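*Asks:* when you get a sec, could you give me coordinates for this:
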Amino acid sequence: MLLAFLLLYLCINLAIGWWASRRVKNTTDFVMAGRQLPLLVAGSALFATWFGSETILGASSEFVTHGLLGVIEDPFGAALCLLLVGAFYARPLYRLNLLTFNDFFRIRFDRRTELISALFMVPSYFGWIAAQLVAMAVVLQAVAGVPFFWGVLLCAGVVVFYTYIGGMWAVSVTDFVQTILIVLGLAILAVQLWGKTGGWEPLREATPPDFFRFFPEPNWHDSIHYLAAWITIGLGSIPQQDVFQRVMAARNSRTAAGASFLGGLLYLTVGMLPLFIGLCSMVLYPEIRSGDPQLTLPGLVLEHSSLGLQVLFFGALLSAILSTTSGAVLAPATVIGENLVKPRFPWIKDHRLLLVMRASVVVVAACSVAMALWRSNIYDLVAQSSALSLVSLFVPLTAGLFWKRASRRGALASMLAGMTMWLLCEGFGTDTPPLIWGSLAGVLAMIGGSLLYPDRSYDSFLHQTQKPSRLA
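*Replies:* Sure, this is the predicted structure:
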């Protein structure tokens, strides 16, 4: 019976994608939902950007295993990212009237910088998408015994279908519906478990003394790893196309900033629910923790709840996974079409570019399926994706927006130095997190390259953008 409800839910998502496809007339509709989203829908879409398998399955299992310090990256770092986007990035980027993040690198620096940034951005999504596919396979395996391989393929097929035909319209509408299901399902389960545990005191007594420690021990090793946890998603996901598309889909710059704040606050509050549910399960049903910790919550719901609650929980879980996956698939597909294909074929017409982006959806999904079958740890897959964009793109983006002396060579040097240092440190296995060394190398390369090789790229940038967008 539960499987029948889940299949019905998947069919409803496909129907929404088909309905949304009727509103897609050009690439702007496909990528930005025509820039017509109101605050509530845009905020829901931003909340749903990452509220997927990592938060519900990955973060809850990390919390049960390592305590509060184990989940600084998500949900705290992810919420920080959305709040920073609303405070500093949403308005200036919205007013540029861009289609992708990489368009900024072209108009602020040059086409070569745009190309390099796109080449770095596209593969950063494969791990993120793979994590969601793994989660879907885990759920189907727990609920119906579906083999892992076929679970990955089924999830990929559903997401590809409604993203391919509906683009950002399908992503936004389904995100809004799915946000309601996520909050409702997790809240009801949390209240039910709270009643069974008997309050806060039994939970506190059942946990180790330092379980709820929020700050690290005052030593270099713990402090630098703590910083790395905050900035992995907190800064690393700022220069990401999936966030950018949701921000740019808002109806104006004020709505874009407000939606970022709303998404961040939702993420921070709703993100506590899976942690609380995981803690309750650890206290009430410790036997469920044996085996894969990512299956703790699904196992709890299947063994100790009614069919109605199972439908709500797994509906919320599928909602989170699908909303994250669809946006993550659409983002690199957009970059491939706009920043890799279009510059080489500038005469390409809009309807053909739309076909290229839709074909790219399939290619991106196929690469992510391969990665999902190769690695199956949700939390690690997501962390690697965010680290890649942090070391290569965050510094050039921020410097390009807020430092007038940032130059073309400085931006290129920052991207290449940050990526190279990160890969080297990953290879040698440094004690200090590699993303710290990569980020530091990117900052030094940006400063050094810009001071040694100054140019007038900022003046050119102002000249191109001095006329305000009518949408701002």
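
*Asks:* to the chain's geometric centre, what's the distance from the helix ranked longest in the chain?
*Replies:* Identified as the longest helix of the chain according to DSSP state H is helix 148-197. Computed by CA atoms, centre = their mean, to the nearest Å, the chain-centroid distance of helix 148-197 equals 14 Å.

*Asks:* give the rounded mean pLDDT of it.
*Replies:* Helix 148-197 shows a mean pLDDT of 81.

*Asks:* and it, what does it pack onto?
*Replies:* helix 2-21, helix 27-32, helix 39-47, helix 111-144, helix 253-270, helix 272-284, helix 307-335, helix 350-374 (3 or more CB pairs under 8 Å, 6 or more residues apart in numbering; DSSP states H and E). (C-beta placed from N, C-alpha, C; glycine too.)

*Asks:* can I have the second one written out in PDB, keeping just the CAs?
*Replies:* Translated: helix 27-32. The C-alpha trace of helix 27-32 is given here as PDB (Å, rounded to 0.1, in the frame of the first residue of the first chain):
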ATOM      1  CA  THR A  27      15.100  29.800 -22.900                       C
ATOM      2  CA  THR A  28      14.200  32.500 -20.300                       C
ATOM      3  CA  ASP A  29      11.000  30.600 -19.400                       C
ATOM      4  CA  PHE A  30      13.000  27.300 -19.300                       C
ATOM      5  CA  VAL A  31      15.900  28.700 -17.200                       C
ATOM      6  CA  MET A  32      14.200  31.500 -15.100                       C
END
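
*Asks:* I'd like to know which elements it is packed against.
*Replies:* With contacts defined as 3+ CB pairs under 8 Å, 6+ apart, helix 27-32 has these neighbours: helix 148-197, helix 241-248, helix 307-335, helix 350-374.

*Asks:* for Gly67, find the nearest of those helices.
*Replies:* Taking CB to CB, helix 148-197 is the member of these nearest to Gly67, at 17.5 Å.

*Asks:* run the angle between that closest one and helix 241-248 for me.
*Replies:* Angle, helix 148-197 to helix 241-248, by axes from the mean of the first three to the mean of the last three CA atoms, to 10 degrees: 60 degrees.

*Asks:* so what does Asn252 look like in phi/psi?
*Replies:* Main-chain torsions, Asn252, degrees, to the nearest 10: phi -160, psi 170.

*Asks:* which residue, neighbours along the chain excluded, lies closest to the residue nearest the centre of the chain?
*Replies:* Most central in the chain under CA atoms, centre = their mean is Trp50, positioned 3.9 Å from the mean C-alpha point. Of all residues not flanking Trp50 in the chain, Ala78 sits nearest, at 5.1 Å (CB to CB, 6 or more residues apart in numbering).

*Asks:* for Leu68, which of the helices and strands packed on helix 148-197 is the nearest?
*Replies:* Of all those, helix 272-284 sits nearest to Leu68, with 8.1 Å by CB to CB.

*Asks:* got the contact list for the helix or strand following that closest one?
*Replies:* With elements assigned by DSSP states H and E, the helix or strand that comes after helix 272-284 is helix 296-304. Residues external to helix 296-304 that are found in contact with it (CB atoms under 8 Å, 6 or more residues apart in numbering): 56-57, 60-61, 64, 138-139, 142-143, 189, 274, 277-278, 281-282, 284-285, 288-289, 309-310, 313-314, 317.

*Asks:* mind giving me the ChimeraX select for those residues, buried ones only?
*Replies:* A single ChimeraX command selects the buried members of the contacts of helix 296-304 (16 or more other CB atoms under 10 Å):
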select :56,57,60,61,64,138,139,142,143,189,274,277,278,281,282,284,285,288,289,310,313,314,317
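
*Asks:* for Tyr226, give me the pLDDT.
*Replies:* Per-residue pLDDT puts Tyr226 at 95.

*Asks:* if we can go back for a sec, out of the helices and strands packed on helix 27-32, the one nearest Glu217 is which?
*Replies:* Closest approach to Glu217 among those is made by helix 148-197 (29.3 Å; CB to CB).
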